[in-house]
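S.K.: got a predicted model here, sequence first, then my questions.
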Amino acid sequence: MKRLRSWIGAGLTLVCLLMPISGQAYDLPSVNLGFTSFMDGGPPAGPGLYFTQYLQYWTADEFTNDSGGNLFGGGAGEDLDAWISLTQFIYQSDQTVLAGGKWGLDVIVPYVFLDASYDVAGPFPEDNGDGLGDLLVGPFLQWGPIMGTNGPRFMHRIELQCILPTGKYDDDKALNPGSNFFSFNPYWSGTLFITPQWTVSTRIHYLWNAKNDDPNYSDLNNPAPDDTQAGQAVHLNFATAYQILPMLRVGLNGYYLKQITDLKVDGDSVDDSREQVLAIGPGLLWHISKDAHLFFNAYFESKAENRPEGERYNLRFVYHF
């Protein structure tokens, strides 16, 4: 199968970004699909040092092809589970540097547990177990909230996020904690207060990927390529929440990914290789105190093409020192 050969040639990477993290793609690195959600346009307690711990469980029992059907024809009984831990440190300064924006730095250290299984004998993509994922580093500018008569109305941020190829990788395995290539994944995020209680938030990313000079490849009928390059993509998180109690917000959250250029193998574009996925589900935000906040989000995927389709559950704790 041409698509399967090109997919294995690119490798199925699980790089945990901001993150998150991600995503589990046939040739794209993992990106922030659902790691962030409510009130994303600004830090919850102003300038200072933040520690954030994420734990996300993602499970999929169908790998899709370019038309959204089953990649293996429905007979493989594929099952892929991933536990993703992100440990994040954010420093938000109180120093204005550009157009009213205050500088900051974001660092994320991922750890990934992978388990792929099948009901029948392969060959099928194999996982590389658990290990450190690729380090994420991003300088950012945070603008203070625009205030109205009843409180904040809008806040936003720009970050130049980079994914460094530092994670565990084996070219004999198709599913790896690390990607083995550099990615540039900048974003803009914003939160609009429709009322003091009702908010709408989004985070919009652009993704560019460098070449992988040591790609996984398992097609014995064709020589291994010298390099592969995952296509460019756009992806976004979106969420809306209502404050039902002073310490509790509930709402809906989702994400969408769309690959906009083809995978390249030795510089040649591969047809029918672009990925997409849409997900939506419920979520909540518990303001434990002024400095401690707990998020929970559930996502149910649909419209997947050229990637696994499943469910995600995300728990996120934020603490401001």
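M.R.: Great, that's in hand. Residues are numbered from 1 along each chain as shown.
S.K.: for the longest strand along the chain, C-alpha coordinates in PDB please.
M.R.: Among the segments of the chain that qualify as a strand by DSSP state E, the longest is strand 79-98. Extracted in PDB, the C-alpha atoms of strand 79-98 (Å, rounded to 0.1, in the frame of the first residue of the first chain):
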ATOM      1  CA  ASP A  79      -5.100  -0.600  19.700                       C
ATOM      2  CA  LEU A  80      -2.700   2.300  20.600                       C
ATOM      3  CA  ASP A  81      -2.500   3.700  24.100                       C
ATOM      4  CA  ALA A  82      -0.400   6.700  25.100                       C
ATOM      5  CA  TRP A  83       0.200   8.200  28.600                       C
ATOM      6  CA  ILE A  84       1.800  11.700  28.200                       C
ATOM      7  CA  SER A  85       3.300  13.600  31.100                       C
ATOM      8  CA  LEU A  86       4.300  17.200  30.500                       C
ATOM      9  CA  THR A  87       6.300  19.200  33.200                       C
ATOM     10  CA  GLN A  88       6.200  22.900  32.300                       C
ATOM     11  CA  PHE A  89       8.000  25.900  33.800                       C
ATOM     12  CA  ILE A  90       6.800  29.400  32.700                       C
ATOM     13  CA  TYR A  91       8.400  32.700  33.800                       C
ATOM     14  CA  GLN A  92       6.200  35.800  33.100                       C
ATOM     15  CA  SER A  93       8.200  39.000  33.600                       C
ATOM     16  CA  ASP A  94       6.700  42.400  34.600                       C
ATOM     17  CA  GLN A  95       8.900  44.200  32.100                       C
ATOM     18  CA  THR A  96       7.400  45.700  29.000                       C
ATOM     19  CA  VAL A  97       9.500  45.300  25.800                       C
ATOM     20  CA  LEU A  98       7.300  45.700  22.700                       C
END
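S.K.: now the angle between strand 79-98 and whichever helix or strand comes after it, please.
M.R.: Counting by DSSP states H and E, the next helix or strand C-terminal to strand 79-98 is strand 101-117. Orientation check (axes from the mean of the first three to the mean of the last three C-alpha atoms, to 10 degrees): strand 101-117 against strand 79-98 gives 170 degrees.
S.K.: which helices and strands sit right next to the very next helix or strand once past strand 101-117?
M.R.: Going down the chain from strand 101-117, the next helix or strand is strand 130-132, by DSSP H and E. When contacts are defined as 3 or more C-beta pairs under 8 Å, 6 or more residues apart in numbering; DSSP states H and E, strand 130-132 packs onto strand 101-117. C-beta: built from backbone N, CA, C; applies to glycine.
S.K.: ok so, going back, in its sheet, what does the longest strand of the chain sit against?
M.R.: When pairing is defined by DSSP bridges, strand 79-98 lines up against strand 48-63 (antiparallel), strand 101-117 (antiparallel).
S.K.: now those as TSV including distance to D94 and mean pLDDT?
M.R.: Formatted as TSV, the strands paired with strand 79-98 follow (distance: least, C-beta to C-beta, whole Å; pLDDT from 0 to 100):
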stretch	distance to D94	mean pLDDT
strand 48-63	8	95
strand 101-117	6	95
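S.K.: mind listing the strands for the stretch 151-300 of the chain?
M.R.: 151-159, 162-164, 175-176, 183-184, 187-193, 198-209, 211-212, 228-229, 233-245, 248-259, 264-265, 268-269, 276-287, 292-305 (DSSP state E, counting those that start in this stretch).
S.K.: can you dump the C-alpha atoms of the fifth one in CSV for me?
M.R.: Yep, that's strand 187-193 we're talking about. Presented in CSV, the C-alpha positions along strand 187-193 are these (Å, rounded to 0.1, in the frame of the first residue of the first chain):
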residue,chain,number,x,y,z
TYR,A,187,1.0,30.4,18.2
TRP,A,188,-1.3,33.2,19.2
SER,A,189,-3.7,32.7,22.0
GLY,A,190,-6.5,34.9,23.3
THR,A,191,-9.4,35.0,25.8
LEU,A,192,-12.5,37.1,25.3
PHE,A,193,-14.8,37.9,28.2
